[in-house]
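In: can you look at this prediction? I've put the sequence above it.
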Amino acid sequence: MTKKLPIGIQTFREIREESYYYVDKTSFALKLAVEGKYYFLSRPRRFGKSLFLDTLAELFSGNEPLFRGLYCYDHWDWSIRYPVIRLSFGGGVVRNREELDTKISELLRINQEALGIRCQQSAGSVCFAELIREACRQFGQRCVVLVDEYDKPILDNITEPETARAMREGLRNLYSVIKDNDAHIRFAFLTGVSKFSKVSIFSGLNNLNDITIGADYSSICGYTDADVDTVFAPELPGLDRQQIRDWYNGYNWTGQGVYNPFDLLLLFDKREFRAYWFETGTPTFLVDWLMQRGYFTPNLSRQYSSLELLSAFDVDHIEPEALLFQTGYTTLQGVEEYLPGQRIYWLGYPNKEVQISLNSALLPALGIEGQKVLTHRIRLLELLRANNFSGLQQLFASFFASIPHDWYRNNPIAQYEGYYASVFYSHFAALGLDIVVEDTTHHGRIDMAVIFNAHVYLFEFKVVELVPEGHALEQLREKGYGEKYKSRNEPVYLVGVEFSKDNRSVVGFEVEKFA
């Protein structure tokens, strides 16, 4: 039997009382409540963090009827009701420190009214501390503190470092209260998109258990394949199940992979495949930031990192791997322990939605005019379907011929050796094709396999001075890439492309069928 789709609903009570679909996450809530005290979770936007916090709030508040039939129901003491303090910075945009202080005061006032407490102190952090102590005294139970979108005031101002630093200081003063009132706190859970360093924002709150990356909590937010096949089974008829996986599944934090709930709910509602999640937050800042740093776009499909780099995020220091991972444009695809206690994580796109949408957004920043992005994509698909190599040569030339000379002079990204390969790669990636990047360590070239229409195309892209040198095709032969794909029993083509940095044009294009 179909139910209502909880699109945009973050209130646990409303979902449970008004017959919406609900994926039971109470086993995670119970595990957290029983096994520990201080937790931190980072997840991309629109991933169900707010709903999970609301679930925790109802659990600790002892609202037993809402949990009937759910996992935690028979494992929780419903006779105990804890005072719950909730702070959410998700609503609106805070533009300066004064507005932040006003926002904090308003949140504390709302909590005082909800708990029936009147604080004598008015200053933000001092009032917060008084609220915790007084709630503990009046209820006879230690407090539960839940903070949603803890980092939003900083992220909203990340392009203005001075303002972002002021936000960081204001939030540090607030969150330091949690550390100082340990004796009065039963449980604390903070969540947001980014993971700012504990030193910079939590002011010594180093006992936070960061559950962002870990097999036990990988599916704490989001829907698993099993959830889709059971909870949402009535919505599946008429939709291609494998296409659902390809488009929306794949987010992972070293455990079970999940779908973004926002995508699936809108898919079930609209009945068509679109970039629902991506369209709600066009990453203008992200695109500009990557271009300013000469980011090599083939790295999006496969890049290695360490846990330290993935956590390196602060106002004055942002690693591209951390920014892409924390915002959900890349995800963990594997982990290797190369020495005891030392792991390397490799990252890539979570799914087709992100691959297509992000590369489509990057191409205009790489100099391709908006309408040309669409024209090139359609033409590229037509030529690959027809196996038309002469047409591909002409199209590759037009990739760069359509870029105005003034653009090259005014954009620093064009000075990076990897720029030309990035333009080339992102056109293919924006089609959502099956692409394997073999080697992205030398930014002047790219080894790329494209598997499409029962054909395999192996590309080598090189930057030369003025005239073709033939090294691109030669390198494909020497590396023996063709042998790797021979077992597919499909035609394999070696394609060497050489680009002149001086002339800004394709000067070499050689094709050879691998025998």
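Out: Yep, that arrived.
In: what residues of stretch 409-429 count as buried?
Out: Neighbour-count burial for stretch 409-429 flags 411, 413-414, 416, 418-429 (criterion: 16 or more other CB atoms under 10 Å). For every residue, glycine as well, the C-beta is placed using N, CA and C.
In: among the residues you listed, which pair sits farthest apart?
Out: For the buried residues of stretch 409-429, the farthest-apart pair by CB to CB is Asn411 and Phe428; their separation is 21.7 Å.
In: quick one: find the helix or strand in this structure with the lowest mean pLDDT.
Out: helix 198-201 (a mean of 60; mean pLDDT, DSSP states H and E).
In: from Asp180, how far out is Arg133?
Out: From Arg133 across to Asp180, the span is 10 Å (CB to CB, to the nearest Å).
In: with Ala430 instead?
Out: The spacing between Ala430 and Asp180, counted by CB to CB, is 51 Å.
In: which one of these two has more residues nearby?
Out: For Ala430 versus Asp180, neighbours defined as other CB atoms under 10 Å are more numerous around Ala430 (23 against 16).
In: could you measure from the more buried one over to Tyr295?
Out: With the distance defined as CB to CB, Ala430 ends up 16 Å from Tyr295.
In: can you check Pro237 too?
Out: Following CB to CB, the distance that separates Pro237 from Tyr295 is 42 Å.
In: and those two? which has more neighbours close in?
Out: Each of Pro237 and Tyr295 has its neighbours counted (other CB under 10 Å); Tyr295 has more, 22 against 6.
In: angles on the backbone of the residue nearest to Asp225 when sequence neighbours are not counted, please.
Out: Among residues not flanking Asp225 along the chain, Asn249 sits closest, at 6.8 Å (CB to CB, 6 or more residues apart in numbering). Dihedral angles of Asn249 (phi, psi; degrees, to the nearest 10) stand at phi -80, psi 170.
In: so who does Asn249 touch?
Out: Asn249 sits next to 225, 257-259, 350-351 when contact means CB atoms under 8 Å, 6 or more residues apart in numbering.
In: just Lys479 next, same as before
Out: Here Lys479 is in contact with Asp447 (CB under 8 Å, 6+ apart).
In: what pLDDT is listed against it?
Out: Predicted confidence (pLDDT) for Lys479: 82.
In: now the helices for the stretch 301-450 of the chain?
Out: Here the stretch 301-450 of the chain has its helices, by DSSP state H, counting those that start in this stretch, at 307-310, 320-326, 352-365, 370-386, 389-401, 405-410, 419-429.
In: sorry, back to before: closest one of the contacts of Asn249 to Asn387?
Out: Proximity of the contacts of Asn249 to Asn387 (CB to CB) peaks at Asn351, which lies at 27.6 Å.
In: how many residues are close by Leu366?
Out: Counted by other CB under 10 Å, the residues lying close to Leu366 total 24.
In: okay, now the unreliable bits of this structure?
Out: 197-200, 202-206, 282, 439-445, 466 (pLDDT under 70).
In: am I right that Ile451 sits in a helix?
Out: No: secondary structure of Ile451 (DSSP: H, G, I helix; E, B strand; the rest coil): strand, not part of a helix.
In: can we start the residue count at 19 from this point?
Out: I'll keep to 19 as the first residue from here, and by that count the last item is Ile469.
In: surely it touches Asp452?
Out: Yes: at 4.3 Å, Ile469 counts as touching Asp452 under the criterion of CB atoms under 8 Å.
In: which one of these two is surrounded by more residues?
Out: Higher neighbour count among Ile469 and Asp452: Ile469, with 17 against 13, using other CB under 10 Å.
In: report the beta-bridge partners for the more buried one.
Out: Counting by DSSP bridges, Ile469 is bridged to Asp452, Val474.
In: show me what contacts it?
Out: Residues near Ile469 by CB under 8 Å, 6+ apart: 451-454, 475, 503, 506.
In: with Gly108 instead?
Out: Contacts of Gly108 (CB under 8 Å, 6+ apart): 68, 166-167, 170.
In: make sure it is indeed in a helix.
Out: No: going by three-state DSSP, the assignment for Gly108 is coil, not a helix.
In: thinking again about what came up before, pick the one among the contacts of Gly108 closest to Gln138.
Out: Among those, Asp166 lies closest to Gln138 (CB to CB), at 26.8 Å.
In: wait, what's in contact with the closest one?
Out: Asp166 neighbours (CB under 8 Å, 6+ apart): 67-68, 71, 104-108, 209-210.
In: try 10 Å
Out: 28, 67-68, 70-72, 75, 104-109, 207-210 (CB atoms under 10 Å, 6 or more residues apart in numbering).
In: the strand or helix carrying Glu528 to helix 407-419, inter-axis angle?
Out: Here Glu528 sits within strand 523-531, counting by DSSP states H and E. Per axes from the mean of the first three to the mean of the last three CA atoms, to 10 degrees, the angle that strand 523-531 makes with helix 407-419 is 150 degrees.
In: name every strand pairing with strand 523-531 and say which way it goes.
Out: strand 510-518 (antiparallel).
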